[in-house]
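Asks: sequence isn't available, so here's the structure alone:
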């Protein structure tokens, strides 16, 4: 980053989506002048630039865990700009990344021993894959940052290595036409970047394949879990009130332990339906029949509902049975649909294409289920 830090203008043409782990713009960027990952500054023809450590510290790991659980997620972004790794010169390649701190960390820790430049785009704290779909990791932003950092006067080779998952947002021919820089699409995983560079920027077929393993899928679920806590607490309060009203209407003695027991029993099917949508569907994603995430969630939610009604539910009336059949699969379906944008299976247009028919069905089914649930408690 040049010595005199400029205030970077923000694009405002789009908003983040929660499926990509951020729902608004970052409140703060980590300033390299104060960050533990900064090694100070080096002198270059365009001024002083911050040098970045490739060491992944326990503090970075804690930050990653917290971000995965949504804690401080909106502040987990680094200052956009140009950084140095090792002792780069005018012949060194330029790697391009997002300013989501987790993406930044995953890349820099794989660059030990290399002398390269790292151009961090302002993706508003979103990872490369999601930002490419939204346009913030895109041609316009890349051109802007090349101009803003005076990159053309820093390097002579003019090679940009863009992560393959960022390819949907980057038009290589436009970058070449507007800036003179050649874009080379790198591997999917940062772990392959050293082999990719040493092979003369050649990727093996395995480097191009986003396998999205079980571990890849499960590591994304904690933030989804945090999102269901508040709705479940609200539903618990609603069920408690319904149990109190039901006790009064049926002229039964008011027993606190009995109220707690019935409320806990009432929230159980909703809790499990939520866990089905947030954990079980991502875990079993490749093995559940069908392509639609909403369908996959509905299917497993329906299986859970049937199992619950057959083997667990006790003394519930027919109206509550209908409520469960309508609401529980819909809840699992909605939460599974949320996971769509976190995967490499679909593009932004694919997410919208799936949401358009699925959301009305989910909303109607959930609303009817809620009406049946309230009615079931009161009859």
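Replies: Nice, I can see it. Source: prediction; values computed, not measured.

Asks: please make it C-alpha for all contacts and neighbour counts, starting now.
Replies: Fine.

Asks: which residues does residue 44 bridge with?
Replies: residue 47 (DSSP bridges).

Asks: what segments of the stretch 51-200 of the chain are helices?
Replies: Using DSSP state H, counting those that start in this stretch, the helices of the stretch 51-200 of the chain run over residues 58-68, 101-108, 128-134, 139-148, 172-179, 193-198.

Asks: deepest-packed of those helices, please.
Replies: Most buried of these, by mean neighbour count (mean count of other C-alpha atoms under 10 Å): helix 128-134, with a mean of 24.

Asks: buried stuff in stretch 292-310?
Replies: Residues of stretch 292-310 classed as buried by neighbour count (16 or more other C-alpha atoms under 10 Å): 292-302, 304-306, 308.

Asks: now do the same for the nearest residue to residue 174 once chain neighbours are set aside: its pLDDT.
Replies: Once flanking residues are discounted, residue 174 sits nearest to residue 139: 7.3 Å by C-alpha to C-alpha, 6 or more residues apart in numbering. If you check residue 139, the pLDDT there is 95.

Asks: now swap in the one 10 residues further on and tell me
Replies: If you check residue 149, the pLDDT there is 96.

Asks: quick check: phi and psi at it.
Replies: phi -90, psi 0 (degrees, to the nearest 10).

Asks: the buried residues of stretch 292-310 in helices, which ones?
Replies: 293-302, 304-306, 308 (DSSP state H).

Asks: just put the residues you listed in TSV and tack on pLDDT and distance to residue 54.
Replies: Shown next, in TSV, are these (pLDDT from 0 to 100; distance: C-alpha to C-alpha, whole Å):
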residue	pLDDT	distance to residue 54
293	91	37
294	93	40
295	95	43
296	96	40
297	97	40
298	97	44
299	98	45
300	98	43
301	98	44
302	98	47
304	98	46
305	98	49
306	97	52
308	97	50
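
Asks: which neighbouring elements make contact with the strand or helix carrying residue 364?
Replies: Per DSSP states H and E: residue 364 is located in helix 348-378. With contacts taken as 3 or more C-alpha pairs under 8 Å, 6 or more residues apart in numbering; DSSP states H and E, helix 348-378 sits against helix 221-249, helix 318-338.

Asks: packed most tightly, which of these would that be?
Replies: Greatest average neighbour count among those goes to helix 318-338 (a mean of 24), per mean count of other C-alpha under 10 Å.

Asks: show me what that one is packed against.
Replies: Contacts defined by 3+ C-alpha pairs under 8 Å, 6+ apart place helix 318-338 against helix 256-275, helix 293-311, helix 348-378.

Asks: closest one to residue 161 among those?
Replies: The closest of the helices and strands packed on helix 318-338 to residue 161 is helix 348-378. By C-alpha to C-alpha, the value is 23.2 Å.

Asks: contacting residues around residue 203?
Replies: 186-187, 196 (C-alpha atoms under 8 Å, 6 or more residues apart in numbering).

Asks: do that again at 7 Å, thanks
Replies: Contacts for residue 203 (C-alpha atoms under 7 Å, 6 or more residues apart in numbering) come out as 187, 196.

Asks: residue 285 versus that one, what's the distance?
Replies: 28 Å (C-alpha to C-alpha, to the nearest Å).

Asks: likewise for residue 371?
Replies: According to C-alpha to C-alpha, residue 371 stands 31 Å off from residue 285.

Asks: next: residue 134.
Replies: 24 Å.

Asks: rewinding a little: hmm, the residue nearest to residue 174 is touching residue 170, no?
Replies: Yes - between residue 139 and residue 170 there is a contact at 4.7 Å, judged by C-alpha atoms under 7 Å.

Asks: who touches both of these two?
Replies: In contact with both residue 139 and residue 170: no residue, using C-alpha under 7 Å, 6+ apart.

Asks: pLDDT weak spots in this structure?
Replies: 1-27, 341, 344-350 (pLDDT under 70).

Asks: which residue sits closest to residue 92, ignoring its sequence neighbours?
Replies: Distances taken as C-alpha to C-alpha, 6+ apart place residue 116 nearest to residue 92, at 5.3 Å, with adjacent residues excluded.

Asks: residues near the one you found, how many?
Replies: Close neighbours of residue 116, defined as other C-alpha atoms under 10 Å, add up to 20.

Asks: contacting residues around it?
Replies: Taking C-alpha under 7 Å, 6+ apart as the test, what residue 116 contacts is 84-86, 88, 92-94.

Asks: go ahead and confirm residue 225 touches residue 279.
Replies: No - counting by C-alpha under 7 Å, residue 225 does not reach residue 279; the two are 8.1 Å apart.

Asks: quick one: residue 153 from residue 181, how far?
Replies: Distance of residue 153 to residue 181, given as C-alpha to C-alpha: 12 Å.

Asks: higher neighbour count, these two?
Replies: Counted by other C-alpha under 10 Å, residue 153 and residue 181 do not tie: residue 181 has more neighbours, with 22 against 14.

Asks: in this structure the more buried one contacts residue 173, no?
Replies: No - checked against C-alpha under 7 Å, the pair residue 181 and residue 173 is beyond contact range at 9.4 Å.

Asks: my guess is residue 223 contacts residue 66, does it?
Replies: No - the pair residue 223 / residue 66 is not scored as a contact, 9.4 Å apart, by C-alpha under 7 Å.
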